[in-house]
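A.B. asks: Next comes the sequence, and after it the predicted model I'd like to discuss.
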Amino acid sequence: MPANKLYNMKGDVIGEVTLSDAVFGVRPNITAIHAAVKNHLANKRQGTQSALTRAEVRGGGAKPYRQKGTGRARQGSTRVPHYTHGGVAFAPKPRSYRYSLNKKLRRLALKSALSIKATEDSIIVVEDLKMEAIKTKDFRNFLESVGVTGKALVVTPELNENVVLSARNLPGVKTTFASLLSTYDVMNARTFVVDKAALPIIEEVYA
């Protein structure tokens, strides 16, 4: 079983915690991770891109010149796609890019991502991760004390408003809680910071 140092909010190592093999010790499936990340990004798309086809562009009703005798190629409209101010061929229209992945694949992708973080020693487990007040500076000092640099995903057992509000102005730092983990968020973060109390929930939900 993977083992990690256990930190307190001051950044001191106070012990060691063992991570579950069922979640943090699986053989990573890169294909599953790729599918989950691609799905996440597709579902985030607004799908509002739009352009006009030749049928929707104003004008172009009259034949620009006679059919024969000019030496030019025959044309029936000035709004065809190869004309300036013409319509767009196969113009994009608003649509949804959403699609779903089956539960087994999503779960495998998340466990693979967590296992990669464990292998890279990028998981920091904290005893009682909480903030007494909303203080961005104090939360930044905490992250620095446990060696967090760059992007980080902070996971609490449940919604912790003080932690969320303290972290939201820190560039690259994102907060979530144990039952709402995302493969994309895990892979996008350089460091996975988790409350010790959230580990049993993660193991129960995703094992």
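C.D. replies: Good, I have the coordinates.
A.B. asks: ok, and the closest residue to Q75 other than its chain neighbours, which helix or strand is that part of?
C.D. replies: Closest residue to Q75 in three dimensions, ignoring its sequence neighbours and counting by C-beta to C-beta, 6 or more residues apart in numbering: P64, at 5.3 Å. Every C-beta, even on glycine, is put in place using the N, C-alpha and C of the backbone. Using DSSP states H and E, P64 sits in no helix or strand.
A.B. asks: tell me the contacts of P64?
C.D. replies: 75, 77-78 (C-beta atoms under 8 Å, 6 or more residues apart in numbering).
A.B. asks: Strands - which of those residues land there?
C.D. replies: Of those, none are assigned to strands by DSSP state E.
A.B. asks: Quick one: low-confidence residue ranges for the protein.
C.D. replies: Within the chain, the ranges that satisfy pLDDT under 70 run 1-2.
A.B. asks: can you pull out the helices in the chain?
C.D. replies: 21-24, 30-44, 103-119, 136-145, 161-167, 183-188, 199-206 (DSSP state H).
A.B. asks: Quick one: closest of those to D12.
C.D. replies: helix 136-145 (8.2 Å; C-beta to C-beta).
A.B. asks: List the contacts of the closest one.
C.D. replies: With C-beta under 8 Å, 6+ apart, helix 136-145 has contacts from 9-11, 131, 152, 163, 166-167, 169-170, 173, 193.
A.B. asks: if we can go back for a sec, for the helices of the chain, give me TSV that also has mean neighbour count and distance to G86.
C.D. replies: As requested, the helices of the chain are exported to TSV (neighbours: other C-beta atoms under 10 Å; distance: least, C-beta to C-beta, whole Å):
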stretch	mean neighbour count	distance to G86
helix 21-24	18	56
helix 30-44	16	31
helix 103-119	20	44
helix 136-145	16	53
helix 161-167	18	51
helix 183-188	20	40
helix 199-206	17	53
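A.B. asks: centroid residue for this protein?
C.D. replies: Y184 (4.0 Å; C-alpha atoms, centre = their mean).
A.B. asks: Quick check: closest non-adjacent residue to that one.
C.D. replies: H40 (4.0 Å).
A.B. asks: Off-centre distance for stretch 30-48?
C.D. replies: Distance, stretch centre to chain centre, for stretch 30-48: 8 Å (C-alpha atoms, centre = their mean, to the nearest Å).
A.B. asks: Tabulate the CA atom coordinates of it in PDB.
C.D. replies: The C-alpha coordinates for stretch 30-48 follow below in PDB (Å, rounded to 0.1, in the frame of the first residue of the first chain):
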ATOM      1  CA  ILE A  30      -3.800   6.200 -19.900                       C
ATOM      2  CA  THR A  31      -6.500   5.500 -22.400                       C
ATOM      3  CA  ALA A  32      -9.200   5.900 -19.700                       C
ATOM      4  CA  ILE A  33      -7.600   9.100 -18.500                       C
ATOM      5  CA  HIS A  34      -7.500  10.500 -22.000                       C
ATOM      6  CA  ALA A  35     -11.200   9.600 -22.600                       C
ATOM      7  CA  ALA A  36     -12.200  11.200 -19.300                       C
ATOM      8  CA  VAL A  37     -10.300  14.500 -19.900                       C
ATOM      9  CA  LYS A  38     -11.500  14.700 -23.500                       C
ATOM     10  CA  ASN A  39     -15.100  14.200 -22.200                       C
ATOM     11  CA  HIS A  40     -14.700  16.800 -19.500                       C
ATOM     12  CA  LEU A  41     -13.400  19.400 -22.000                       C
ATOM     13  CA  ALA A  42     -16.100  18.600 -24.500                       C
ATOM     14  CA  ASN A  43     -18.800  19.000 -21.800                       C
ATOM     15  CA  LYS A  44     -17.400  22.400 -20.900                       C
ATOM     16  CA  ARG A  45     -17.900  23.800 -24.400                       C
ATOM     17  CA  GLN A  46     -20.600  26.400 -24.800                       C
ATOM     18  CA  GLY A  47     -21.400  25.300 -28.400                       C
ATOM     19  CA  THR A  48     -22.500  28.900 -29.300                       C
END
